[in-house]
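**Q** Test case, fold it:
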Amino acid sequence: MGLLDILNSIQTGGGAADPRPAPTSRGTTPAASQGMSPMAKALLALLAIYAMKNMRRADAPQAQPAPRPGGNIGAGVPGGGGGGGLGDLLRGPLGGILGGAAAGTVLNGGLGGLLKQLQQGGQGDVAHSWIGPGTNKTISQDDLASALGGDTLDTLAQQSGMDRDDLLAGLSRYLPRFVDELTPDGRLPTEEEAERML
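**A** Now for the predicted structure:
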């Protein structure tokens, strides 16, 4: 299953923290109806943040190419501008990361960095359940906030256009499934496997 398929399957979930764009009074989604939901953007931005941290630790070049005009993670949300699709996201900040590395490296490194952060934040058993076989353990919003840290959450809120409470509610609901589906073999994908997911 590819990354876009995983995000689409999450978007069909429904509920209070539904990752789909909210319908307008006419029953259609906002102007960027074909765009990516704020929750999907937050999940991708979370991987991008940890991919960048992972690349910096590996002494990779820290300079990013400037985002192309009209392409940013905030596209498709109020004040975000643009269509908000995966292409816009890849041309924006995530694209800056991809400019210096293969996409599989970013997905693999971002997922690995995120799981390491959760382990360091005392949530290693929970995160491991998302990778391994069996039931995914839940994570409370408070535990997730503590493990990720305020700076990361502020960045995700800004990039996704979500307020912090909605962001935490969505992440605590969707992150276990997102990680589970990115690790179908019960382990982190190799860079080559991750590349095939994109």
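**Q** tell me the SS of Val126?
**A** helix (DSSP: H, G, I helix; E, B strand; the rest coil).
**Q** What is the burial count for it?
**A** Neighbour count of Val126, defined by other CB atoms under 10 Å: 21. (Glycine included, C-beta is placed from N, CA and C.)
**Q** And what about the nearest residue to it once chain neighbours are set aside, helix, strand or coil?
**A** Of all residues not flanking Val126 in the chain, Lys137 sits nearest, at 4.6 Å (CB to CB, 6 or more residues apart in numbering). Per three-state DSSP, the local secondary structure of Lys137 is coil.
**Q** Enumerate every residue touching Lys137.
**A** Asp125, Val126, Ser129, Trp130, Pro176 (CB atoms under 8 Å, 6 or more residues apart in numbering).
**Q** before we move on, what about Asp180?
**A** Trp130, Ile131, Asn136 are the contacts of Asp180 under CB under 8 Å, 6+ apart.
**Q** Go again with 7 Å.
**A** Contacts for Asp180 (CB atoms under 7 Å, 6 or more residues apart in numbering) come out as Trp130, Asn136.
**Q** Could you give the backbone dihedrals for it?
**A** Per-residue torsions, Asp180: phi -60, psi -40 (degrees, to the nearest 10).
**Q** Distance-wise, check it relative to Pro133.
**A** Using CB to CB, to the nearest Å, Asp180 is found at 10 Å from Pro133.
**Q** cool, and Leu175?
**A** Note on Leu175: its distance to Pro133, by CB to CB, is 18 Å.
**Q** These two - which one has more neighbours?
**A** More crowded of Leu175 and Pro133, by other CB under 10 Å: Leu175, with 24 against 8.
**Q** Let me know the pLDDT of that one.
**A** We note a pLDDT of 95 for Leu175 in this prediction.
**Q** next structured bit after the helix or strand harbouring it?
**A** Assigned by DSSP states H and E, Leu175 falls within helix 164-182. Note on helix 164-182: by DSSP H and E, the next helix or strand toward the C-terminus is helix 191-197.
**Q** Tell me which helix or strand the nearest residue to Val106 once chain neighbours are set aside sits in.
**A** Spatial nearest neighbour of Val106, excluding adjacent residues (CB to CB, 6+ apart): Ala51 at 4.3 Å. Element membership for Ala51 (DSSP H and E) is helix 38-57.
**Q** And for Leu7?
**A** Leu7 belongs to helix 3-11, assigned by DSSP H and E.
**Q** In that helix, which residues are buried?
**A** By 16 or more other CB atoms under 10 Å, the buried positions in helix 3-11 come out as Leu3, Ile6, Leu7, Ile10, Gln11.
**Q** Pick out the lowest-pLDDT one from these.
**A** Minimum pLDDT for the buried residues of helix 3-11 is recorded at Gln11 (67).
**Q** Low-confidence regions, this protein specifically.
**A** 1, 11-35, 57-103 (pLDDT under 70).
**Q** make it 80
**A** Scanning the chain with the threshold set as pLDDT under 80 gives 1-2, 4, 9-36, 54-106, 198.
**Q** And Asp151, how far from Glu181?
**A** With CB to CB as the criterion, Asp151 and Glu181 are 27 Å apart.
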